[in-house]
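Student: From the sequence below, what's the structure:
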Amino acid sequence: GHVGLQPGTTLNWDLASQRHFDERGTVGALSLTHTLSPWWYMSVGASSGSASFHNKYRGDVAIYRKWTESQQWVTGLALMKSASRDGIHRDTAITTSLAYYSTDAWVAEGGLVYNKSNPGSVDGFRGFAALTLGKEKQHYFTARLDHGKEGYLPTGAIASGAGEHVGFQSTELSLQWRQWLAEDWGYLVGGQLYRNPYYNRKSVSAALFFDF
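Tutor: Alright, predicted model coming up:
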């Protein structure tokens, strides 16, 4: 959910129960987006989960700048730090992004993520690209592709016989359709494909959303 605290400031929250690798856990997240000026805005966030495949803590901070007279170009710079539940593994990531907001009802975004995983100082680079088509209060279709290097496998994947491996390539593709059925509510449907050398994941999702 999300709520506007004041003009230019929005609070977002998320609470989810998840099951992966025969283990269930709950994760919660809070983030705040604030407009600094007509050209600048920023966001800060924090999350924590209870399962071994969740982060014990994760913190994010990002700054964004609009460009050109029409403000259709937006660049972003984000920093992330996290620690796993095992008390050993930690990650630090820097993300740079570029987005273009067309006047023809589409948005394109791309970016590069540099991540350092410890122990071992495992370096990894990932690239992502996303395209969104549609208009607010009508419908949105979003496609996102993410590819690059990960540092570690989840503990559950290692226990299932995948083998402990450090530094491997993975690819993730996600699709989502958001449809308004009325002014203040609608539905979401989506799908996801994920692949690395040790396991594959396929998922579908469906949800209702409401505006108050």
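Student: now the strands for this protein?
Tutor: Secondary structure of the chain (DSSP state E): strands located at 2-6, 9-20, 23-35, 40-49, 55-67, 73-84, 90-101, 106-118, 122-135, 139-152, 166-182, 185-195, 200-210.
Student: okay, now the residue lying closest to Ser203 once chain neighbours are set aside: neighbour count?
Tutor: If the residues on either side of it in the chain are set aside, Ser203 comes closest to Gln192, at 4.6 Å by Cβ to Cβ, 6 or more residues apart in numbering. From N, CA and C alone the C-beta is placed, and that goes for glycine too. By the criterion of other Cβ atoms under 10 Å, Gln192 has 15 neighbours.
Student: Assess the claim that Thr132 and Ser174 are in contact.
Tutor: No. Thr132 is beyond contact range of Ser174, at 12.0 Å (criterion: Cβ atoms under 8 Å).
Student: so what's in contact with the two at the same time?
Tutor: Taking Cβ atoms under 8 Å, 6 or more residues apart in numbering as the criterion, Thr132 and Ser174 both touch Thr142.
Student: that older thread, make JSON lines from the strands of the chain and add mean pLDDT to it.
Tutor: Shown next, in JSON lines, are the strands of the chain (pLDDT from 0 to 100):
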{"stretch": "strand 2-6", "mean pLDDT": "92"}
{"stretch": "strand 9-20", "mean pLDDT": "93"}
{"stretch": "strand 23-35", "mean pLDDT": "96"}
{"stretch": "strand 40-49", "mean pLDDT": "98"}
{"stretch": "strand 55-67", "mean pLDDT": "97"}
{"stretch": "strand 73-84", "mean pLDDT": "97"}
{"stretch": "strand 90-101", "mean pLDDT": "97"}
{"stretch": "strand 106-118", "mean pLDDT": "97"}
{"stretch": "strand 122-135", "mean pLDDT": "96"}
{"stretch": "strand 139-152", "mean pLDDT": "96"}
{"stretch": "strand 166-182", "mean pLDDT": "96"}
{"stretch": "strand 185-195", "mean pLDDT": "97"}
{"stretch": "strand 200-210", "mean pLDDT": "95"}
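Student: All set, thanks.
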